[in-house]
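K.L.:
I would like to see how this sequence folds:
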Amino acid sequence: MSGGLSASPRLISEFAKTSARCTGLLATLAAFAALASPAHAITIDEAMEIAIRSHPELKAEMLEAEAADRTVGAARSGYFPSISFDGSLRDERTERPTFDRTLTAREYSVTVTQPIFDGLATPARVSEARSDAEAEAFEAGAVRNDIALEVTDAFLGALEARKRLEIFSAQEARARDIFDKLQKRAEVDRGLRSIVVVGRSQVEEARFLTLEAQRDVTLADARYRELVGDVPGELVEPVPPVELVGLDDDAALARAEAAHPVLAAARARAEAAGGSKRVTRAALMPRLDAELRARKGDNIEGITGRDNDYYAGLRVTYQFATGGAAFYDLSAASYREKAALARVYDAARDVRLEVLTALETFRSQSATHAVLASRLAATSELVRVYDAQFVSGRRDLIDLYFVLSEERSAARAELEARFERLRSAYALMAALGDLGPSVTAAPSLDNDDR
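P.N.:
Okay, the predicted model is just below:
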């Protein structure tokens with residue numbers, strides 16, 4: 001208040017000119033934004049879905065998940081027979097004491113091999129590949145969860161900036177209305193002319209806050225546009241899910257431990273490490289294969305004519321010594337499995353801590369907003385009473401400006417608390433691992449990418 005009383009007319013005039021120029025620029029930007037805005041109001045769930053379906057990081061994760069799923073089919077191939085073809089064409093020179101000749105030898109063979117027992121390596125490879133594919137899918141879900149949280153922050157930031165602009169614009173209009181009334185009274189009572197400067201400074205302060213709010217709207221819209229890929233039109237203010245209000249610690253932890261994608265991915269990686277260990281252990285076991293072989297040959301080893309043979313039987317393969325490589329590989333696989341299990345416990349601890357922190361933050365923000373909402377209601381009622389008393393001449397202008405300042409402060413605090421409560425609600429949903437719409441298939445690629 002003391003700054004407003006000491007402000008010179010020249011300083012106020014310069015500030016007014018600057019405000020007018022900024023107002024024109026921001027009005028032009030707002031007009032262009034309005035022309036590009038969609039016609040329908042968009043909800044926060046729609047914004048999340050739009051962003052998630054076009055986000056490049058999630059596209060990459062989903063494609064990695066699809067690639068990992070293909071390895072399951074490759075691992076299953078160990079159950080099926082393999083067919084190989086060999087062929088050769090060569091000249092064979094035969095030297096004897098009585099003759100010397102060169103024959104063209106031709107040899108072709110087809111071999112069919114059916115694995116019967118491979119030390120259970122194939123089931124282990126299938127289990128490892130399936131667990132890896134599940135881990136990739138869960139990691140894509142974790143990325144989706146993070147992207148959804150980022151989008152909610154941008155959505156709420158854009159909406160909060162617009163709400164703040166509405167509040168400050170209304171307060172500016174009220175300050176101008178009071179200033180107009182003050183000028184009319186000053187025309188009758190010349191003793192009030194010195195207070196007109198105070199009223200003008202209040203109007204300019206309100207105008208300054210409005211310009212700041214307009215700037216915040218422009219910046220928030222830009223961030224929203226970069227994340228969602230569309231210019232925000234009318235945004236619908238969300239309501240925190242009802243089930244979060246009465247959620248207790250145990251229920252929240254159970255819900256997160258059952259469905260959080262980060263924890264599920266860690267568990268799947270541990271299962272994959274177990275499958276890799278079983279694959280390594282299979283190298284210590286004998287291998288049994290059934291073979292069918294048909295060979296057709298001509299002029300083999302200096303003997304003119306056909307040399308065909310057919311073979312059907314069982315082949316047993318066992319490596320008695322590998323220089324200790326198989327045992328070292330098995331030991332290394334065991335350590336990797338233990339490390340993966342340790343990461344599961346670490347991920348579970350992080351998830352629990354995140355859930356408890358988010359839950360307590362949501363409770364605190366909810367209580368804070370309730371208090372500040374009551375404060376705003378009381379301050380607004382006080383402004384209404386003081387305004388009526390000022391008009392009737394029963395209240396001093398300084399008192400009215402004081403309660404107006406209190407209302408402006410209370411409105412800003414209530415707005416910030418309301419949106420912090422919303423942010424904490426969506427942060428809690430992200431901590432529980434179920435924020436954002438699900439994506440069950442990899443996004444389609446452009447023709448140039450295929």
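
K.L.:
mind giving me the domain split of the chain?
P.N.:
Split into domains by automatic domain parsing, the chain comes to 2-80+118-283+322-449, 81-117+285-321.

K.L.:
which of these is buried the deepest?
P.N.:
Among these, domain 2-80+118-283+322-449 has the highest mean neighbour count (mean count of other C-beta atoms under 10 Å), at a mean of 17. In this view, the C-beta of every residue, glycine as well, is placed from N, C-alpha and C.

K.L.:
distance between it and the chain's centre?
P.N.:
Distance of domain 2-80+118-283+322-449 from the chain centroid (C-alpha atoms, centre = their mean, to the nearest Å) equals 12 Å.

K.L.:
pLDDT weak spots in this protein?
P.N.:
1-39, 94, 96-101, 188-194, 299-305, 436-450 (pLDDT under 70).

K.L.:
quick one: the strands in it?
P.N.:
Per DSSP state E, the chain carries strands over the ranges 82-95, 100-117, 287-300, 303-306, 309-317.

K.L.:
Make JSON lines out of those and add distance to residue 215.
P.N.:
Shown next, in JSON lines, are those (distance: least, C-beta to C-beta, whole Å):
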{"stretch": "strand 82-95", "distance to residue 215": "69"}
{"stretch": "strand 100-117", "distance to residue 215": "70"}
{"stretch": "strand 287-300", "distance to residue 215": "73"}
{"stretch": "strand 303-306", "distance to residue 215": "93"}
{"stretch": "strand 309-317", "distance to residue 215": "75"}
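
K.L.:
Figure out which of those strands is closest to residue 370.
P.N.:
strand 100-117 (68.4 Å; C-beta to C-beta).

K.L.:
name the helices or strands packed onto the closest one?
P.N.:
Contact partners of strand 100-117 among helices and strands, from 3 or more C-beta pairs under 8 Å, 6 or more residues apart in numbering; DSSP states H and E: strand 82-95, strand 287-300.

K.L.:
The first one pairs with which strands, parallel or anti?
P.N.:
The reference is to strand 82-95. Note on strand 82-95: by DSSP bridges, its sheet partners are strand 100-117 (antiparallel).

K.L.:
any idea how far residue 414 lies from residue 421?
P.N.:
Distance of residue 414 to residue 421, given as C-beta to C-beta, to the nearest Å: 10 Å.

K.L.:
any shared contact partners between those two?
P.N.:
residue 369 (C-beta atoms under 8 Å, 6 or more residues apart in numbering).

K.L.:
need the helices and strands packed on strand 100-117 in a markdown table with distance to residue 131, can you?
P.N.:
Converted to a markdown table, the helices and strands packed on strand 100-117 look like this (distance: least, C-beta to C-beta, whole Å):
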| stretch | distance to residue 131 |
| --- | --- |
| strand 82-95 | 25 |
| strand 287-300 | 24 |
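
K.L.:
which stretch among those comes nearest residue 122?
P.N.:
In terms of C-beta to C-beta, the element of the helices and strands packed on strand 100-117 nearest to residue 122 is strand 287-300, at 11.0 Å.

K.L.:
quick check: angle from that closest one to strand 309-317?
P.N.:
Here the directions of strand 287-300 and strand 309-317 differ by 150 degrees (axes from the mean of the first three to the mean of the last three C-alpha atoms, to 10 degrees).

K.L.:
which other helices and strands contact strand 287-300?
P.N.:
Partner elements for strand 287-300 (3+ C-beta pairs under 8 Å, 6+ apart): strand 100-117, strand 303-306, strand 309-317.

K.L.:
Any chance you could list what contacts the last one?
P.N.:
Among residues not part of strand 309-317, those counted as contacts by C-beta under 8 Å, 6+ apart are 116, 286-295.

K.L.:
cutoff 7 Å now
P.N.:
286-295 (C-beta atoms under 7 Å, 6 or more residues apart in numbering).

K.L.:
phi, psi of residue 434?
P.N.:
Residue 434 has phi and psi values of phi -130, psi 40 when expressed as degrees, to the nearest 10.

K.L.:
re the thing from before, what's the closest of the helices and strands packed on strand 287-300 to residue 256?
P.N.:
Nearest of these to residue 256, taken as C-beta to C-beta: strand 100-117 at 42.9 Å.

K.L.:
got the CA positions of the closest one in CSV?
P.N.:
The C-alpha coordinates for strand 100-117 follow below in CSV (Å, rounded to 0.1, in the frame of the first residue of the first chain):
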residue,chain,number,x,y,z
ASP,A,100,45.8,-92.9,-63.4
ARG,A,101,42.3,-91.3,-63.8
THR,A,102,40.2,-88.4,-62.7
LEU,A,103,36.5,-88.7,-61.9
THR,A,104,33.8,-86.1,-61.2
ALA,A,105,32.3,-87.0,-57.8
ARG,A,106,28.8,-85.8,-56.9
GLU,A,107,27.3,-86.2,-53.4
TYR,A,108,24.0,-85.0,-52.0
SER,A,109,22.3,-85.7,-48.7
VAL,A,110,19.2,-84.7,-46.7
THR,A,111,19.1,-85.1,-42.9
VAL,A,112,16.0,-84.8,-40.7
THR,A,113,16.8,-84.4,-37.0
GLN,A,114,14.1,-84.6,-34.3
PRO,A,115,15.2,-83.5,-30.8
ILE,A,116,14.0,-86.0,-28.2
PHE,A,117,15.8,-84.8,-25.1
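
K.L.:
And it, how far out from the chain middle?
P.N.:
Worked out by C-alpha atoms, centre = their mean, strand 100-117 lies 57 Å from the chain centre.

K.L.:
which other residues reach it?
P.N.:
78, 81-94, 287-300, 302, 304.

K.L.:
surely residue 237 meets residue 159?
P.N.:
Yes. The pair residue 237 / residue 159 is scored as a contact, 6.0 Å apart, by C-beta atoms under 7 Å.

K.L.:
hmm, back to that, right, and the helices and strands packed on strand 100-117 - which one's nearest residue 383?
P.N.:
Closest to residue 383 of the helices and strands packed on strand 100-117, according to C-beta to C-beta: strand 82-95, at 85.4 Å.
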